[in-house]
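**Student:** All I have is the shape, not the residue letters:
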């Protein structure tokens, strides 16, 4: 039996996405969260601009979660909450939610690195050593109230970036420093020039070492939606 699909224009490219594999699909012009369409839902075509959706993928082999049952479902349930689990959650912004070309550089440079916060825990300085091939930025200094490094604050995050040959940030990752089972990371990149969209991936800091594989697998999955 043929699977149902979501169709539309994703980043300037017609796509067909298995309905069971994606969640919260929205198009340009859809009502805001909690609101309803006035009248009938528009018919979707390959010209309908998709502006957001999400999915889960196992980065070790590219398997898409699709609500499956049986052995794979058991694996998903067993693995998704492990500290070093292979399942990552992906969000895609396109259409009128797309930051535009160079958006990842603007997020990293203008918002985080080049614009010190009024609060020390959200101000960043570059560390001398790279990690996993990425530049590392962290809050400098000491919290005078606790006499501990700002980097150890409950709200502190480390920032990891990769630049292209022109110095533009192409990968931007923020990871919590909390001593918890799954310290969260959010990993941002885009798919230019193939598609005009931004991607953000959520996973445990314990798999940050595999950031390149995660990025490559997620890109392959999204590009695989092309019609």
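**Tutor:** That came through, no problem. No experiment lies behind these values; they were computed from the predicted model shown.

**Student:** What pLDDT does the model give the nearest residue to residue 223 once chain neighbours are set aside?
**Tutor:** Leaving out its chain neighbours, the residue that sits closest to residue 223 by C-beta to C-beta, 6 or more residues apart in numbering is residue 194, at 6.2 Å. Heads up, the C-betas are built off the backbone N, CA and C, glycines and all. Looking at residue 194, its pLDDT is 96.

**Student:** all strands for the protein, in order.
**Tutor:** When secondary structure is read from DSSP state E, the chain shows strands at 5-10, 13-18, 23-27, 50-58, 63-64, 87-93, 125-126, 135-138, 142-143, 148-149, 157-163, 169-176, 184-190, 198-204.

**Student:** Pipe those into TSV and attach mean neighbour count and distance to residue 100 per row.
**Tutor:** Compiled in TSV, the strands of the chain are given as follows (neighbours: other C-beta atoms under 10 Å; distance: least, C-beta to C-beta, whole Å):
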stretch	mean neighbour count	distance to residue 100
strand 5-10	21	16
strand 13-18	18	16
strand 23-27	16	19
strand 50-58	21	13
strand 63-64	18	28
strand 87-93	21	11
strand 125-126	14	26
strand 135-138	19	23
strand 142-143	14	37
strand 148-149	13	36
strand 157-163	21	18
strand 169-176	21	14
strand 184-190	21	9
strand 198-204	21	9
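
**Student:** Please convert those to a markdown table, extending it with mean pLDDT and distance to residue 77.
**Tutor:** As requested, the strands of the chain are arranged in a markdown table below (pLDDT from 0 to 100; distance: least, C-beta to C-beta, whole Å):
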| stretch | mean pLDDT | distance to residue 77 |
| --- | --- | --- |
| strand 5-10 | 95 | 25 |
| strand 13-18 | 96 | 20 |
| strand 23-27 | 93 | 17 |
| strand 50-58 | 96 | 12 |
| strand 63-64 | 90 | 14 |
| strand 87-93 | 97 | 10 |
| strand 125-126 | 92 | 40 |
| strand 135-138 | 95 | 34 |
| strand 142-143 | 92 | 40 |
| strand 148-149 | 92 | 38 |
| strand 157-163 | 95 | 29 |
| strand 169-176 | 96 | 24 |
| strand 184-190 | 97 | 20 |
| strand 198-204 | 97 | 16 |
